[in-house]
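Chemist: What would the 3D arrangement of this be:
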Amino acid sequence: MAMVTLQGCFVTLVEEPVVVYDYRDDFVGSYQVEEYSETFNSYSEYPIYVVKAGGYPNSLYIENFYGLGLDIIVDVEGSRLYIPLQEVNGYRIEGNGRRVAGELHLDYSVYDRHNPGRRRDFCSAVAWR
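Modeler: Take a look at the predicted model:
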């Protein structure tokens, strides 16, 4: 005759932390920009700083945008950037961009409301670290 004895056992459930990847981390940092104005056929260079927009889980701020100290908000979707229409310090800005091999490639327009007779400036820019 066989006897089976069961003793109490404890099961410990260990939950692995859920890691949520924040795509904004790929963009955050300091960059040097080379900007080309199609409107004025001219180049300029200046630094920008990309930081996370607190309270907005899919947004960033680009500081010193257009080389004028403008801080604009940018929405992030994967490697794509969207610059929603916004007015900052009298400049109306909108555009889009993407991250390619660590560089930011941006296409945007800027309208200077301080000088209403001036044309909208259409720009392309590459920013690198």
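Chemist: Does residue 25 belong to a helix, a strand or coil?
Modeler: helix (DSSP: H, G, I helix; E, B strand; the rest coil).
Chemist: and it, how many neighbours?
Modeler: 10 (other C-beta atoms under 10 Å). No exception for glycine: its C-beta is placed from N, CA and C like everyone else's.
Chemist: do the same with the one 4 residues further on
Modeler: Number of residues near residue 29 (other C-beta under 10 Å) recorded here: 14.
Chemist: I'd assumed residue 50 was in contact with it.
Modeler: Yes: Residue 29 lies in contact with residue 50 (C-beta atoms under 8 Å); the separation is 6.0 Å.
Chemist: what touches both of the two?
Modeler: By C-beta atoms under 8 Å, 6 or more residues apart in numbering, residue 29 and residue 50 have no common neighbours.
Chemist: For residue 2, report the pLDDT, please.
Modeler: Residue 2 is assigned a pLDDT of 57 by the prediction.
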